[in-house]
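1. Quick one: sequence and predicted model below, then my questions.
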Amino acid sequence: MSIEPLSTTVVGSFQISPPGDVLVNEIRRGEDPFLQSIKKAVDVQTAAGIDIIADGQTRNDMIRLFTTKLAGIRMKGKPVVIGDISFKEPVILGDQVYVRSLLNNGGLVKGILTGPFTLAMSCVDDHYGSREKLAYAFAEVMNKEAMALNGVVDIIQVDEPYFSVEFPEYAGDLISGIFSGIDKPRALHVCGDVSPFFDRLADFDVNILDHEFAAHPALLDTVADTDFGQMLGFGCVRSDENTVETVETISERVKKGLASLGHERIILDPDCGLRHVSLEVARAKLENMVKARNVIRDEG
């Protein structure tokens, strides 16, 4: 599947969760209280005109969402690895099926997985004895989750925010491992300023590299000077500020990217997940991002 240039998407999370009384009452009735949160996240995206839709990551944070469902991990404050990590059943597959059912217009669905290095860095290891072994174990397990999604979603994205904290020599192997056997477009999102190691990311076997260009505008110079073959997820609105950028501000950011990289290389999204801003702010940011894209398309 090819991805249309200047398509719009989200990185992942929204500040949406069921109210406490709803959570308790629906669980008591044997119902899933998070389905309405997923629907709300999808509705925000579709109303804004987003092309590639995600589930909103409303069930839990990106670490606990997966670590609470894997064998070999005990939750005690932070996740504690106490034995061999193993896959029990798909964690987010059902949510992607539900998102698909909500998209009556046949929009694209993106499944989002937390990367193996970020998972390893977020756990206490009482079993493997090295961060590297633990990360490889997570890559193997999360590949099973990816394979479960492969027949349902249109794009699979892996989030590795910890690459900006520490970029291991084996990073490429981890990403290749989690995507092994996947025949859908593969995206890698890394937060922060990736300038020091973007040349390494350019060698990864993925279709899309997704980064924060609104918060780190100088990153564009590094990317423009690097030989790479992937499409670029061009973060064009801040995800860490409540200020809603104007259509003009966003379009100017995007035009700078297009001038350096060309129209065929770029898709648009926020810098990162929108969990840290209110739903109203998130909605307004996405609406203006889509409007900015439309202005640019109309200008030719």
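-> Ah, there it is. Residues are numbered from 1 along each chain as shown.
2. Quick check: what element follows the least confident helix or strand in the chain by mean pLDDT along the chain?
-> None of the helices or strands of the chain scores lower by mean pLDDT, DSSP states H and E than helix 20-28, at a mean of 57. The C-terminal neighbour of helix 20-28 among helices and strands, as given by DSSP states H and E, is helix 35-48.
3. That following helix packs against which elements?
-> Helix 35-48 sits against strand 52-53, helix 93-102, helix 279-299, with contacts defined as 3 or more C-beta pairs under 8 Å, 6 or more residues apart in numbering; DSSP states H and E. In short, each C-beta sits where N, CA and C put it, glycine included.
4. okay, the angle between the last one and helix 35-48?
-> This points to helix 279-299. 30 degrees (axes from the mean of the first three to the mean of the last three C-alpha atoms, to 10 degrees).
5. From the contact counts, what lies against helix 279-299?
-> So helix 279-299, by 3+ C-beta pairs under 8 Å, 6+ apart, packs with helix 35-48, helix 247-261, strand 266-269.
6. For the last one, the averaged confidence score.
-> Just to be clear, that refers to strand 266-269. For strand 266-269, the mean pLDDT works out to 98.
7. quick one: buried residues of it?
-> I266, I267, L268, D269 (16 or more other C-beta atoms under 10 Å).
8. Please apply the same query to the longest one.
-> Along helix 247-261, the positions that meet the burial threshold by neighbour count (16+ other C-beta under 10 Å) are V247, T249, I250, S251, R253, V254, K256, G257, L258, L261.
9. How about stretch 130-147?
-> By neighbour count on 16+ other C-beta under 10 Å, the buried set for stretch 130-147 is 132, 134-143, 145-147.
10. mind listing what V165 touches?
-> M121, G192 (C-beta atoms under 8 Å, 6 or more residues apart in numbering).
11. make it 10 Å
-> When contacts are counted by C-beta atoms under 10 Å, 6 or more residues apart in numbering, V165 touches F117, T118, M121, C191, G192.
12. State the phi and psi torsions of the last one.
-> Its backbone dihedrals place G192 at phi 80, psi -170, with angles given as degrees, to the nearest 10.
13. neighbours around it, how many?
-> The burial count assigned to G192 is 18, neighbours taken as other C-beta atoms under 10 Å.
14. heads up, I number from 753, so please use that
-> Fine by me, first position is 753 from now on; the one you just mentioned is G944.
15. what about the nearest residue to it once chain neighbours are set aside, neighbour count?
-> Using C-beta to C-beta, 6 or more residues apart in numbering and skipping residues adjacent in sequence, the residue nearest G944 is S916, 3.3 Å away. Counted with other C-beta under 10 Å, residues neighbouring S916 total 16.
16. Also the one 10 residues further on?
-> Using other C-beta under 10 Å, L926 has 26 other residues around it.
17. M983 too?
-> By other C-beta under 10 Å, 22 other residues sit near M983.
18. Test of understanding: give the bridge partners of it.
-> M983 has these beta-bridge partners by DSSP bridges: I960.
19. Quick check: the gap between it and L860.
-> In this view, M983 and L860 are 14 Å apart by C-beta to C-beta, to the nearest Å.
20. same deal with D945?
-> 29 Å.
21. do the same with P969
-> Relative to L860, P969 is positioned 28 Å away (C-beta to C-beta).
22. just H941 next, same as before
-> For H941, the distance to L860 equals 16 Å [C-beta to C-beta].
23. which of these two has more neighbours?
-> H941 (25 against 20).
24. returning to that earlier point: with distance to I815 added, can I get the helices and strands packed on helix 1031-1051 in CSV?
-> Output for the helices and strands packed on helix 1031-1051, formatted as CSV (distance: least, C-beta to C-beta, whole Å):
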stretch, distance to I815
helix 787-800, 18
helix 999-1013, 30
strand 1018-1021, 22
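25. what's the closest of the ones you listed to S991?
-> Closest to S991 of these, according to C-beta to C-beta: strand 1018-1021, at 9.3 Å.
26. If you count contacts, what does the closest one end up packed against?
-> strand 938-941, strand 960-964, strand 983-987, helix 999-1013, helix 1031-1051 (3 or more C-beta pairs under 10 Å, 6 or more residues apart in numbering; DSSP states H and E).
27. which residues sit in contact with the residue nearest to G944?
-> So, once contact is read as C-beta under 10 Å, 6+ apart, S916 ends up touching V942, C943, G944, D945, V946, P948, F949, H963, E964.
28. Give me the buried entries from those residues.
-> V942, C943, G944, D945, V946, H963, E964.
29. any chance of those in TSV, plus distance to D973 and pLDDT?
-> Shown next, in TSV, are those (distance: C-beta to C-beta, whole Å; pLDDT from 0 to 100):
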residue	distance to D973	pLDDT
V942	17	99
C943	19	95
G944	16	96
D945	12	97
V946	13	98
H963	13	99
E964	14	99
